[in-house]
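>>> Attaching a predicted model along with its sequence, questions to come.
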Amino acid sequence: MKKIAIFINELGMGGIEKSAVNMLNKIDTNKYKVDLYIFGENNFYDLPQNTNIIKIKKSLSILRFIPFKIALTLYNPKLPETKYDLSIDFDSYQFYTSASAIKINASNRAIWIHNDIPVKLSEEPKYRILHFFFKRKYDYFDTYCAVSEGALNSFKELNYNKNKKYMVIPNYINTDEVKEKMKEQCNIKTDKTKLNIVTLGRLCHQKGIDIMLKEIKELTNFRKDIHLYIIGSGEEEQNLKNLTENLELEEYVTFTGSTKNPFTYLREMDLFYLTSRYEGQGMVLLEAMSVGLDVLIPPHLEKYCPLIKSEKNTLEYLKNYKKHPINKFNPLTEYNDEITKNLEKLFENNN
């Protein structure tokens, strides 16, 4: 039986955390023994019952601001003597997840690429600083696994170790969970005479909710029968609420906060809309698709999720959108089956 070590910061609310849980639910435990190494205490998601969790103390924050090769020599985590066939830095943003995946005794190492790193570097000054210190960490991994072709192509632009292995392994969509959670009672009541638009995710600069709010403001000049529901929380939440007030959109926008079951909300909506400045894949798009919602994205997001057709003029699309019964539930069977095949190639070192 192959032994796999997976490293992640924590299981707080977020796309990386949700995709890790979905992957753990799909791994064949008859073929692979998986140890999940966690550094944080925040557990928003429920893990499979047979998950073997190993908690590790975080490193000193100062190590993030030391060139990675030097910091790695200073980092001495208390890791078990277990020999693994593969170690995975699934988080890929934290020094200690990368360093631990490198330090542990493993035959092969892989790191996940969850985002469009060049765009993230251009958009986020703090990330540019951190990246300056940790960029050499990629030298220590054998395989780079990106969640989309778009994210992988962008990563290749950085010229990291072209002699290494590259794979595209998108995020699983747990459609069984989606289907079950859609049945639960929804605690909001939508006005069915209106076009009910929804977005879902962490309220941060990347997700571009400010862009969406400004477009909704413009849309109200053409139609009043609209309402936007924003599901999630994050560091930009208060700023976005302030923007909603400044744009005089209070009657058109509802902030629901975070929820463990967004799918019961999605079931009540007409259209899912995403205006992220950049993505890695945009897992919420596929979750919305599985619910049966129409999905709207601008052209620059299509490369991260080619299953979704973009619209060149999103405002025009919203102006002319006509309500209709929700589409049939989509189990995304072929999509998930392809991920399983690629994941097993990685686990078996056949990529």
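That came through fine.
>>> list the buried ones in the longest helix seen in the chain?
In the chain, with assignment by DSSP state H, the single longest helix is helix 333-347. Neighbour counts over helix 333-347 (16 or more other CB atoms under 10 Å) mark Y335, N336, I339, L343, E344, L346, F347 as buried. All C-beta atoms are positioned from the backbone trio N, CA, C, and that covers glycine.
>>> With pLDDT and distance to Y96 added, can I get these in a markdown table?
Below are the buried residues of helix 333-347 laid out as a markdown table (pLDDT from 0 to 100; distance: CB to CB, whole Å):
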| residue | pLDDT | distance to Y96 |
| --- | --- | --- |
| Y335 | 96 | 32 |
| N336 | 96 | 31 |
| I339 | 96 | 27 |
| L343 | 96 | 24 |
| E344 | 95 | 28 |
| L346 | 96 | 22 |
| F347 | 95 | 24 |
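>>> As a markdown table, those residues with distance to K179 would be great.
Supplementary listing: the buried residues of helix 333-347 in a markdown table, determined by distance: CB to CB, whole Å:
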| residue | distance to K179 |
| --- | --- |
| Y335 | 15 |
| N336 | 13 |
| I339 | 18 |
| L343 | 22 |
| E344 | 25 |
| L346 | 28 |
| F347 | 27 |
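>>> Report the backbone C-alpha coordinates of the longest helix of the chain in PDB.
As requested, the backbone C-alpha atoms of helix 333-347 are provided in PDB (Å, rounded to 0.1, in the frame of the first residue of the first chain):
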ATOM      1  CA  THR A 333     -19.200  12.400 -13.600                       C
ATOM      2  CA  GLU A 334     -16.700  12.500 -16.500                       C
ATOM      3  CA  TYR A 335     -15.000  15.500 -15.000                       C
ATOM      4  CA  ASN A 336     -14.400  13.800 -11.600                       C
ATOM      5  CA  ASP A 337     -13.400  10.500 -13.200                       C
ATOM      6  CA  GLU A 338     -10.600  12.200 -15.200                       C
ATOM      7  CA  ILE A 339      -9.300  13.800 -11.900                       C
ATOM      8  CA  THR A 340      -9.200  10.300 -10.300                       C
ATOM      9  CA  LYS A 341      -7.100   9.000 -13.200                       C
ATOM     10  CA  ASN A 342      -4.600  11.800 -13.000                       C
ATOM     11  CA  LEU A 343      -4.400  11.700  -9.200                       C
ATOM     12  CA  GLU A 344      -3.600   7.900  -9.400                       C
ATOM     13  CA  LYS A 345      -0.900   8.700 -12.000                       C
ATOM     14  CA  LEU A 346       0.700  11.000  -9.500                       C
ATOM     15  CA  PHE A 347       0.400   8.600  -6.600                       C
END
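>>> Check the offset of it from the chain's centre.
Relative to the chain's own centre, helix 333-347 is displaced by 18 Å; criterion: CA atoms, centre = their mean, to the nearest Å.
>>> Tell me where the chain has helices.
With helices called from DSSP H, the chain shows them at 15-26, 68-74, 95-103, 117-123, 125-134, 149-156, 175-181, 209-219, 237-246, 263-266, 283-291, 314-320, 333-347.
>>> okay, these in TSV with distance to K58 next?
Formatted as TSV, these follow (distance: least, CB to CB, whole Å):
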stretch	distance to K58
helix 15-26	16
helix 68-74	13
helix 95-103	6
helix 117-123	22
helix 125-134	15
helix 149-156	26
helix 175-181	30
helix 209-219	30
helix 237-246	25
helix 263-266	32
helix 283-291	26
helix 314-320	41
helix 333-347	27
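>>> which one of those lies closest to F141?
Comparison of the helices of the chain against F141 by CB to CB identifies helix 95-103 as nearest, at 7.7 Å.
>>> so what does that closest one touch, helix or strand wise?
Here helix 95-103 is seen to pack against strand 2-8, helix 68-74, strand 84-89, strand 106-113 when contacts are counted using 3 or more CB pairs under 8 Å, 6 or more residues apart in numbering; DSSP states H and E.
>>> wait, doesn't I27 sit right on L36?
No: with contacts counted by CB atoms under 8 Å, I27 stays clear of L36, the gap being 10.4 Å.
>>> Which one of the helices and strands packed on helix 95-103 lies nearest to L318?
Judged by CB to CB, the one of the helices and strands packed on helix 95-103 that comes nearest to L318 is strand 106-113, at 32.1 Å.
>>> Outside of that closest one itself, list whatever touches it.
Strand 106-113 is touched from outside by 5, 16, 83-92, 98, 101-102, 137-138, 140-147, 151-152, 155, 169, 280, 346, 349, with contacts defined as CB atoms under 8 Å, 6 or more residues apart in numbering.
>>> change it to 7 Å
For strand 106-113, the external contacting residues (CB atoms under 7 Å, 6 or more residues apart in numbering) are 5, 84-90, 92, 98, 101-102, 138, 140-147, 151-152, 155, 346, 349.
>>> hang on, the earlier thing: now for the helices of the chain, which one comes closest to T190?
T190 sits nearest to helix 263-266 of all those, at 8.9 Å, using CB to CB.
>>> how far away is the residue lying closest to I66 once chain neighbours are set aside from I62?
Leaving aside its chain neighbours, I66 sits nearest to F133 (6.4 Å; criterion: CB to CB, 6 or more residues apart in numbering). According to CB to CB, to the nearest Å, F133 stands 11 Å off from I62.
>>> Quick one: list the elements packing against the longest helix of the chain.
Based on contacts counted as 3 or more CB pairs under 7 Å, 6 or more residues apart in numbering; DSSP states H and E, there is no element that helix 333-347 packs against.
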